[in-house]
Structures are given as C-alpha cells and as structure tokens.
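J.: 3D model of this:
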Amino acid sequence: MEQSEEDEFRAFVGARMERWRRAAYLLCHDWHMADDLVGTVVGKLYERWRRVAATNNPDAYAQRVLTTAWVDERRRPWRREHTAAALPDQGWSHPDRIGDRDQLVSLLAKLGRRQRAVVVLRFYFDRSVEETAELLGISAGTVKSQSARALEMLRALAYATGSPK
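T.: Numbers count the residues shown, from 1 in each chain. Below is the predicted model:
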C-alpha cells in the first residue's frame with residue numbers, strides 16, 4: 001500500500017473506530033469481544049483497502065464486516081471466553097447518561113440476534129431499510145417486520161421497567 005493510501009486508510013479507520021466499537025458492544029454486550037470484532041473489521045479493511053476505497057460507500061462494507069463477524073462469532077460458542085462470577089471493582093465512570101446507556105444495553109440484550117442487528121443498523125448506524133437488508137442478507141420486508149417487532153418489544157420492556165422513553 002502506498003503512503004497516501006495508508007494515510008487515507010488510517011484517517012478512515014481513526015474517524016470511525018470508536019463508533020464501530022460502540023456498535024459492536026451493542027451487538028454482543030461484551031467490550032472484549034467488541035474490541036475483537038473491531039480488530040476483525042480493521043484487518044479486513046486493510047487487506048482490501050484499494051477495492052473498498054474505490055467503492056462509493058466504504059462505511060457500508062465496514063458495517064457488513066462488523067455484523068458478519070459478530071454473527072460468525074455467535075456460531076462458534078467454543079471460542080468464547082467465560083466470564084467470572086464476580087466482577088472486580090469497576091471504578092468511577094463519567095455520569096453522563098450512564099443509566100440510559102445501561103438500560104439500552106439491557107433492553108437490547110432481550111431481543112433476538114436478528115432483531116438486535118436490525119435495530120442497531122437501522123437506528124444506531126442510521127441505515128435505510130434497503131441497506132440494512134443488504135448488509136444482513138435478508139429481504140427489505142424482513143427488515144421492516146423485524147424493526148416493528150423489535151421496537152414494540154423495546155417499548156413494552158421499557159414501560160414494564162417503569163421508564164418509558
């Protein structure tokens with residue numbers, strides 16, 4: 001890779017890495033796995049950067065790699081690490097909307113894998129129905145129905161916990 005391509009790649013990844021990490025966490029609910037998934041995205045982007053950069057939407061490619069890597073990881077349960085029963089002290093966290101984020105993560109965890117992927121792509125990544133369908137390899141109708149069911153479920157769960165937002 002030439003220096004200008006390398007610089008372009010670094011700028012692209014640097015501008016999006018934290019967003020990919022947060023999206024990966026929303027999918028898998030594990031920061032370590034989220035970091036692994038982002039590493040997969042960066043590696044695959046680097047390998048194919050010339051082709052990806054030549055397309056008119058490298059973000060879509062990166063999001064598809066992220067989602068596919070997560071789905072693949074879910075199919076291989078024997079590769080996952082097992083967590084300890086008790087977590088060590090978490091330390092101090094910035095209080096900026098932590099409760100909202102924790103509630104969102106908790107609610108998303110109650111959705112099925114496909115519904116969670118649809119919600120994250122549609123409403124976190126702000127993808128259209130068609131883009132979401134293409135990224136997940138499903139029909140636009142399935143995206144619409146999964147979105148509607150997932151949002152209905154999230155509303156019901158949020159209402160049941162006493163914090164309808």
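J.: now residue 148: how far from residue 141?
T.: 11 Å (CB to CB, to the nearest Å). Where you see a C-beta, it was placed from the backbone N, CA and C, and this is true even at glycine.
J.: Please state the offset of the helix ranked longest in the chain from the chain centre?
T.: In the chain, with assignment by DSSP state H, the single longest helix is helix 3-28. In terms of CA atoms, centre = their mean, to the nearest Å, the centre of helix 3-28 is set 12 Å apart from its chain centre.
J.: Tell me which residues of the helix or strand that it is followed by come out buried.
T.: Toward the C-terminus, helix 3-28 is succeeded by helix 31-47 as the next helix or strand (DSSP states H and E). Using 16 or more other CB atoms under 10 Å as the test for burial, helix 31-47 gives 33, 34, 36, 37, 38, 40, 41, 42, 44, 45.
J.: Dump those residues to a markdown table, plus pLDDT and distance to residue 73.
T.: Shown next, in a markdown table, are the buried residues of helix 31-47 (pLDDT from 0 to 100; distance: CB to CB, whole Å):
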| residue | pLDDT | distance to residue 73 |
| --- | --- | --- |
| 33 | 91 | 7 |
| 34 | 93 | 11 |
| 36 | 92 | 8 |
| 37 | 93 | 7 |
| 38 | 95 | 12 |
| 40 | 93 | 9 |
| 41 | 94 | 12 |
| 42 | 95 | 16 |
| 44 | 93 | 14 |
| 45 | 93 | 18 |
